[in-house]
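I need the structure of the sequence given here:
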Amino acid sequence: MSEAQARRLAAMLTDKQRRDFLKLAQIIQETEHKKPAAGGQE
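Model prediction:
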């Protein structure tokens, strides 16, 4: 999911939902960055 897609989706949510969603999206991005190193494949 691109940042633009995430922002578009977040715009439809309430403020609380938006904060929770952006927090989740950040965690997912961090996890995706760690995957290649942990899995050994890219």
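
Average pLDDT for the helix or strand Phe21 falls within, rounded please.
Element membership for Phe21 (DSSP states H and E) is helix 15-39. The predicted model gives helix 15-39 an average pLDDT of 83.

Against which helices or strands is that helix packed?
helix 3-11 (3 or more CB pairs under 8 Å, 6 or more residues apart in numbering; DSSP states H and E). Every C-beta, even on glycine, is put in place using the N, C-alpha and C of the backbone.

Let me know the angle separating the helix it packs on from helix 15-39.
With axes from the mean of the first three to the mean of the last three CA atoms, to 10 degrees as the criterion, the two stretches helix 3-11 and helix 15-39 enclose an angle of 150 degrees.

now for helix 3-11, which elements pack on it?
In terms of contacts (3+ CB pairs under 8 Å, 6+ apart), helix 3-11 is packed against helix 15-39.

got the buried residues for the helix it packs on?
Applying a neighbour-count criterion of 16 or more other CB atoms under 10 Å, the buried positions in helix 15-39 are Phe21, Ala25.

who's in contact with Arg8?
Listed by CB atoms under 8 Å, 6 or more residues apart in numbering, the contact set of Arg8 is empty.

Can you give the distance of the helix holding Phe21 from its chain's centre?
Taking CA atoms, centre = their mean, to the nearest Å, one finds helix 15-39 lying 4 Å from the centre of the chain it belongs to.

do stretch 13-23 as well
A distance of 12 Å separates the C-alpha centroid of stretch 13-23 from that of its chain, computed with CA atoms, centre = their mean.

got the CA positions of that stretch in CSV?
Presented in CSV, the C-alpha positions along stretch 13-23 are these (Å, rounded to 0.1, in the frame of the first residue of the first chain):
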residue,chain,number,x,y,z
LEU,A,13,-12.0,7.4,9.0
THR,A,14,-12.6,9.2,12.2
ASP,A,15,-9.8,10.9,14.0
LYS,A,16,-9.3,8.0,16.4
GLN,A,17,-9.5,5.4,13.7
ARG,A,18,-7.1,7.5,11.6
ARG,A,19,-4.5,7.6,14.4
ASP,A,20,-4.9,3.8,15.0
PHE,A,21,-4.7,3.1,11.2
LEU,A,22,-1.6,5.3,10.7
LYS,A,23,0.1,3.6,13.7
